[in-house]
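Participant: turn this into a structure:
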Amino acid sequence: MVDCNLTNSSLRFVSLTKLTELDVSRSELDSDLLTGIDQLLLLEKLNLAFCDLTKLPFRFDSLINLRELDISHNKLHSDSLVGIDNLALLETLNLSSCDATKPPFKFDSLPKLKELDVSYNKFDCDSHVDIGKLGFLEKLNLHFCNLRKLPFRFESLNNLKELDVGENKLASEFFNDIEKLVSLRKLNLSCCELTKLPFCFDSLTKLKELKVSGNKLDSGSLAGIDKIALLETLNLSSCDLTKLPFSTLNRECATAVMYGDQLSTSEKKEVYKFVSQFKEVFNDIPGSTSILEHKINLMSEELIKRKPCPVPYAIREQLQKYLDEMETLGIIQKSQSPYSAPIVRVPKPDGSNCICVDIED
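Facilitator: Prediction:
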């Protein structure tokens, strides 16, 4: 690994044949000083951020082992980035603030990419950017990219955990299917000129950080936000709200756990520490475990296939929504088993319904 600050000196890369990491970020480099980097065939990490570069005097074709590449905050044209398409092992790519008007590669040539940052580039609105082909992508930053539409469909990015599309003038309809991002942890929709959010928060159950500041949203547009039990950071600044879109009381979460008076101060601290450590369990979102498997032993090989129980029309929509939520959370899954048992509705004291399976025969 080499980490240095260069001005007028140069490296003879030909002698560093075993180098796997190189960081020369924040150096006032002449592009010619980087000649020969493409001879570092074992290089896995390369950081050239903030180097005032206008071109790169090498091609990426030979850097086939590169997994992390940061060339952000340089005035590089797309023609200067020839060969990125050949970095098939690349997992992290930062092209932020590079004055790019279009991506310098085809996204289907980077199948292992997990983190992509192309923020603060003024992309041509009509340029073809098919990010949806990055099926393993977990972090995507498109902040302030001059976008008028989203260059992907949400269902194709089902592994996405962090999404930033802030400061793009996007119409609300482009977010219709955002609830399909069931793994999403962080979402930034700030300053997108939105007047409503055309999606429900019910399925975004893993969301921990949400920013929708700088949009003209009313409280009704944010209905259901209180169902995100794991939410830790919420930014609603400059949204023209006249009231909060949720109740701050009686929420089932780790902070709502009550401690008995019989516990001493030290015991309460121990319980609080335990609850905080497993706060994802102490909420109103049902969960599942992969530690154990439950088996049902049959008394005979006779096929058991019972008819569904009738569902009152008044609760059919509610029941379907509940089943869809459990499927999204991975609690239940569709089955083609020849065996079947009906579900039954058990009313709770608070008026809601508990869905159970009647396996008795």
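
Participant: and the residue positioned nearest the centre of the chain, its phi and psi?
Facilitator: Closest to where the C-alpha atoms of the chain average out (C-alpha atoms, centre = their mean) is residue 161, at 1.6 Å. For residue 161, the backbone dihedrals (degrees, to the nearest 10) come out as phi -110, psi -30.

Participant: I figured it hits residue 204, correct?
Facilitator: No. Shown here, residue 161 and residue 204 do not form a contact pair, counting by C-beta atoms under 8 Å, at 11.6 Å. Just so you know, the C-beta spots here come from the backbone N, C-alpha and C atoms, and that holds for glycine as well.

Participant: now for the two: what residues contact both?
Facilitator: Common neighbours of residue 161 and residue 204 (criterion: C-beta atoms under 8 Å, 6 or more residues apart in numbering): residue 184.

Participant: which stretches in the chain count as helices?
Facilitator: Remark: helices assigned in the chain by DSSP state H are 265-277, 313-328.

Participant: show me where the stretch 1-150 of the chain dips below the pLDDT cut-off.
Facilitator: Scanning the stretch 1-150 of the chain for pLDDT under 70 picks out 1-12, 104, 124-130.

Participant: select, out of the helices of the chain, the one closest to residue 54.
Facilitator: Nearest of those to residue 54, taken as C-beta to C-beta: helix 313-328 at 47.4 Å.

Participant: what helices and strands are in contact with the closest one?
Facilitator: Using 3 or more C-beta pairs under 8 Å, 6 or more residues apart in numbering; DSSP states H and E, the elements in contact with helix 313-328 are strand 353-357.

Participant: now the strand it packs on against helix 313-328, angle please.
Facilitator: Angle, strand 353-357 to helix 313-328, by axes from the mean of the first three to the mean of the last three C-alpha atoms, to 10 degrees: 70 degrees.

Participant: contact partners of strand 353-357?
Facilitator: With C-beta under 8 Å, 6+ apart, strand 353-357 has contacts from 315, 318-319, 322-323, 341-348.

Participant: for those, which one is nearest residue 68?
Facilitator: Distances from residue 68 to the contacts of strand 353-357, taken by C-beta to C-beta, are shortest for residue 323, at 41.7 Å.

Participant: ok, back up a step: OK, contacts around the residue nearest to the centre of the chain?
Facilitator: Taking C-beta under 8 Å, 6+ apart, one finds 138, 139, 183, 184, 185, 186 in contact with residue 161.

Participant: and if you look at residue 180?
Facilitator: 154, 155, 158, 203.

Participant: for the stretch 51-200 of the chain, which segments count as strands?
Facilitator: Here the stretch 51-200 of the chain has its strands, by DSSP state E, counting those that start in this stretch, at 68-70, 92-94, 115-117, 139-141, 162-164, 186-188.

Participant: mind listing what residue 191 touches?
Facilitator: Neighbouring residues of residue 191 by C-beta under 8 Å, 6+ apart: 166, 167, 213, 214, 215.

Participant: list only those of the residues you listed flagged as buried.
Facilitator: Neighbour-count burial (16 or more other C-beta atoms under 10 Å) is assigned, among the contacts of residue 191, to 166, 167, 213, 214, 215.

Participant: please report how far the closest residue in space to the last one that isn't next to it in sequence lies from residue 141.
Facilitator: Counting by C-beta to C-beta, 6 or more residues apart in numbering, residue 194 is the residue found nearest to residue 215 once chain neighbours are left out, at 4.2 Å. Distance of residue 194 to residue 141, given as C-beta to C-beta, to the nearest Å: 19 Å.

Participant: again with residue 265
Facilitator: For residue 265, the distance to residue 141 equals 45 Å [C-beta to C-beta].

Participant: and if you look at residue 323?
Facilitator: 35 Å.

Participant: more neighbours: which of the two?
Facilitator: residue 141 (21 against 14; other C-beta atoms under 10 Å).

Participant: about what we covered before: now the contacts of residue 180 as TSV including distance to residue 241?
Facilitator: Formatted as TSV, those follow (distance: C-beta to C-beta, whole Å):
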residue	distance to residue 241
154	26
155	31
158	32
203	23
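
Participant: which one of the residues you listed is nearest to residue 44?
Facilitator: residue 158 (27.4 Å).

Participant: number of nearby residues for that closest one?
Facilitator: 13.

Participant: ok, now the one 4 residues further on?
Facilitator: Here the neighbour count serves as a burial measure; for residue 162 (other C-beta under 10 Å) it reads 18.

Participant: switch the contacts of residue 191 over to JSON lines; also include pLDDT.
Facilitator: Shown next, in JSON lines, are the contacts of residue 191 (pLDDT from 0 to 100):
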{"residue": "166", "pLDDT": "94"}
{"residue": "167", "pLDDT": "93"}
{"residue": "213", "pLDDT": "91"}
{"residue": "214", "pLDDT": "91"}
{"residue": "215", "pLDDT": "90"}
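
Participant: and the residue nearest to the centre of the chain, how far is that from residue 186?
Facilitator: 7 Å.

Participant: first-to-last residue distance for stretch 289-300?
Facilitator: 29 Å (C-alpha to C-alpha, to the nearest Å).

Participant: quick one: contacts of it?
Facilitator: 304, 359.

Participant: tell me which of the helices of the chain sits nearest to residue 225.
Facilitator: helix 313-328 (15.8 Å).

Participant: mind checking how far the residue of the chain most remote from its centre is from residue 358?
Facilitator: Centroid-distance maximum for the chain: residue 300 at 46.9 Å, with C-alpha atoms, centre = their mean. Relative to residue 358, residue 300 is positioned 19 Å away (C-beta to C-beta).
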